[in-house]
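1. 3D model of this:
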Amino acid sequence: MPPLITREHALTLGAIEDHDEIEALVERAWQVRTERFGQSTDLCSLVNAKSGGCAEDCGFCAQSRYAEADTPMHAMMEPEQILEHARAAEAAGAHRFCMVTQGQGLSKRDFEKILEGARLVAEHTNLKRCASVGHMSAERARSLKEAGIQRVHHNVETARSYYDEVSTTVRYEGRLRTIDAVREAGLETCVGGILNLGETPEQRVEMAFELASIDPTSVPINLLNPRAGTKFGDREPMDPWDAVKWLAIFRLILPDALFRVCGGRVENLGELQPLAVKAGLNGVMMGNFLTTLGSAPEEDRAMFEELGLNVARQADNGANPRPDNRDGWLTGEPPEYGDGATDGPQPREPQPLAVRLWDPSTQLRYRAKRNKGRVEDPCTT
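-> Numbers count the residues shown, from 1 in each chain. Below is the predicted model of the structure:
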């Protein structure tokens, strides 16, 4: 479906500051969300399967070797480690699990580990399966699909007109080629970006309409969590009311997308997180993020339940990548939280599991870098 508002109207809404007017906008976005998705939700969890030492210069990321920041470091996880984190995510109530790696491409050996990890997650859990592994060819995308991946995440990050301020080593056109390759392989696409990188309101609207033209299945929006030593590390977090307003605007521009907010939601939204859900969210990245801590999964589930939304994981979530937990959509009782049990096929006996989600505060090693500096674009210095 095309956007429900024009660019001009979006800019007018972007200028709203009165809280009552923002709440009225939120109600409009909530109506759009419930008309299309009912009570269903789509809660994600991730694991940082390979972290640190990235060769790219994305200005928001502490993992970049150009950032003057402590870098979270670990080599590619073994497939069994990926499965361990997936089973913990399932036990915590996630619908979907994403395997994330740094950089814009994987070696053959590391890519094989992602493929085997995906096979294990497909075999031993009832989770929907996603991957975020940088640039790829259609051939690699087909390999992911054959291994059980259903959706691939690859952000555009910001508006095309602002992109060179965000990265000079990863080209915008390359991102679009990867998205095309993912779609060519028959996989769903997950494409979003980051707000508060210094872009103008016009550029926020530009990014939203660019996403509408890409028409991804899922749109994750991140809110910058400024990290010391990165290009954007000295920016202030967004005003929470401003963040909620822009989430609602994006929902009106992207009415049919699975819309979620991920990184930076705790730091930027604070107590307004429930209002952000009403601004049109299908879900959030529950638990922790790549290198920072998030909310407890039970808090995230409660936030959606208080709005009358269904967070239960149904028996065939792993087979159907779309949201499928609206009341009455499936027969049978959803599995209980906490034990990872499912009604689907279980080729092997599940092992006892203590819920231990990905935790960057204990599961990453940090290595300080020595003034690598960011590569400056000679056209902007």
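
2. Could you use CA atoms for every contact and neighbour count after this?
-> Will do.

3. Let me know how buried Asn310 is, in neighbour terms.
-> The number of residues packed near Asn310 is 18, by other C-alpha atoms under 10 Å.

4. Please apply the same query to the one 5 residues further on.
-> The criterion is other C-alpha under 10 Å. On that basis, Ala315 has 23 neighbouring residues.

5. try the one 4 residues further on
-> Number of residues near Ala319 (other C-alpha under 10 Å) recorded here: 15.

6. just Arg109 next, same as before
-> Neighbourhood size, Arg109 [other C-alpha under 10 Å]: 9.

7. Check which helix or strand it maps to.
-> Element membership of Arg109 [criterion: DSSP states H and E] is helix 108-124.

8. Quick check: which ranges of this protein have low pLDDT?
-> Flagging of the chain using pLDDT under 70 yields the residue ranges 69, 71-72, 288-294, 329-381.

9. can you give me the helices for it?
-> Per DSSP state H, the chain carries helices over the ranges 7-14, 19-37, 79-91, 108-124, 138-147, 172-184, 201-214, 240-253, 265-269, 273-278, 297-305, 360-363.

10. For the helix holding Arg109, name the packing helices and strands.
-> Helix 108-124 sits against helix 79-91, strand 128-132, helix 138-147, with contacts defined as 3 or more C-alpha pairs under 8 Å, 6 or more residues apart in numbering; DSSP states H and E.

11. So which bits of it are buried?
-> The neighbour-count check on helix 108-124 (16 or more other C-alpha atoms under 10 Å) flags 110-124 as buried.

12. ditto for stretch 142-150
-> Buried, per 16+ other C-alpha under 10 Å, within stretch 142-150: 142-145, 147-150.

13. Give me the contact list for it.
-> With contact meaning C-alpha atoms under 8 Å, 6 or more residues apart in numbering, stretch 142-150 is reached by 115-116, 118-119, 122, 128-131, 182, 185-188, 321.

14. let's see it at 10 Å
-> Contact with stretch 142-150 is made by 97-99, 111-112, 114-123, 128-131, 137-141, 151-152, 181-189, 318-322, as judged by C-alpha atoms under 10 Å, 6 or more residues apart in numbering.

15. quick check, nearest of the buried residues of helix 108-124 to Arg326?
-> Distance to Arg326, by C-alpha to C-alpha, is smallest for Ala122 among those, at 22.6 Å.

16. now Val47, which residues is it bridged with?
-> Beta-bridge pairing for Val47 (DSSP bridges): Met99.

17. Based on its surroundings, how many neighbours for it?
-> As a burial measure, Val47 scores 26 neighbours (other C-alpha under 10 Å).

18. For Ala312, see how far away it is.
-> 21 Å (C-alpha to C-alpha, to the nearest Å).

19. One more: Ser132?
-> Per C-alpha to C-alpha, Ser132 is found 25 Å from Ala312.

20. residues contacting the most centrally placed residue in the chain?
-> Centre of the chain computed as the mean C-alpha position; nearest residue by C-alpha atoms, centre = their mean is Pro220, 4.7 Å away. Residues in contact with Pro220 (C-alpha under 10 Å, 6+ apart) are 153-155, 190-194, 257-263, 281, 283-285.

21. Pull out the buried members of the residues you listed.
-> Buried members of the contacts of Pro220, scored by 16+ other C-alpha under 10 Å, are 153-155, 190-194, 257-263, 281, 283-285.

22. Let's see which of the residues you listed end up in strands.
-> For the buried ones among the contacts of Pro220, membership in strands holds for 153, 190, 193-194, 258-261, 283-284, with DSSP state E as the criterion.

23. Which one of those is nearest to Asp215?
-> Using C-alpha to C-alpha, those come closest to Asp215 at Cys190, 9.4 Å.

24. Test my guess that that closest one contacts Arg129.
-> No - judged on C-alpha atoms under 10 Å, Cys190 makes no contact with Arg129 at a distance of 11.9 Å.

25. Quickly list what's touching both of these two.
-> Joint contacts of Cys190 and Arg129 (C-alpha under 10 Å, 6+ apart) are 151-152.

26. how close does Arg87 get to Phe250?
-> Taken as C-alpha to C-alpha, the span from Arg87 to Phe250 is 32 Å.

27. Same question for Asn196.
-> Distance of Asn196 to Phe250, given as C-alpha to C-alpha: 14 Å.

28. higher neighbour count, the two?
-> Relative neighbour count places Phe250 above the other of Asn196 and Phe250, with 27 against 20, counting by other C-alpha under 10 Å.

29. what number of residues lie near the closest residue to that one other than its chain neighbours?
-> Nearest residue to Phe250 in three dimensions, chain neighbours excluded: Ala208, at 6.1 Å (C-alpha to C-alpha, 6 or more residues apart in numbering). Using other C-alpha under 10 Å, Ala208 has 27 neighbouring residues.

30. Arg251 is in contact with Ala208, correct?
-> Yes - using C-alpha under 10 Å, Ala208 makes contact with Arg251 at a distance of 9.1 Å.

31. and Asn225, what does it touch?
-> Counting by C-alpha under 10 Å, 6+ apart, Asn225 touches 60-61, 194-197, 232-233, 235-238, 263-268, 292.

32. rerun that using 8 Å as the cut-off
-> Contacts of Asn225 (C-alpha under 8 Å, 6+ apart): 237, 263-264, 267-268.

33. Tell me how far it lies from Arg251.
-> Distance from Asn225 to Arg251, by C-alpha to C-alpha: 22 Å.

34. again, but for Ala67
-> From Ala67 over to Arg251 the distance is 33 Å, taken as C-alpha to C-alpha.

35. between the two, which one's more packed in?
-> Set side by side, Ala67 and Arg251 show more neighbours around Ala67, with 30 against 27, by other C-alpha under 10 Å.

36. For the more buried one, which phi and psi angles does the backbone take?
-> phi -80, psi 140 (degrees, to the nearest 10).

37. what about the residue lying closest to it once chain neighbours are set aside, neighbour count?
-> Distance criterion C-alpha to C-alpha, 6+ apart; nearest residue to Ala67, sequence neighbours excluded, is Thr230 at 4.9 Å. Residues lying near Thr230 (other C-alpha under 10 Å) number 22.
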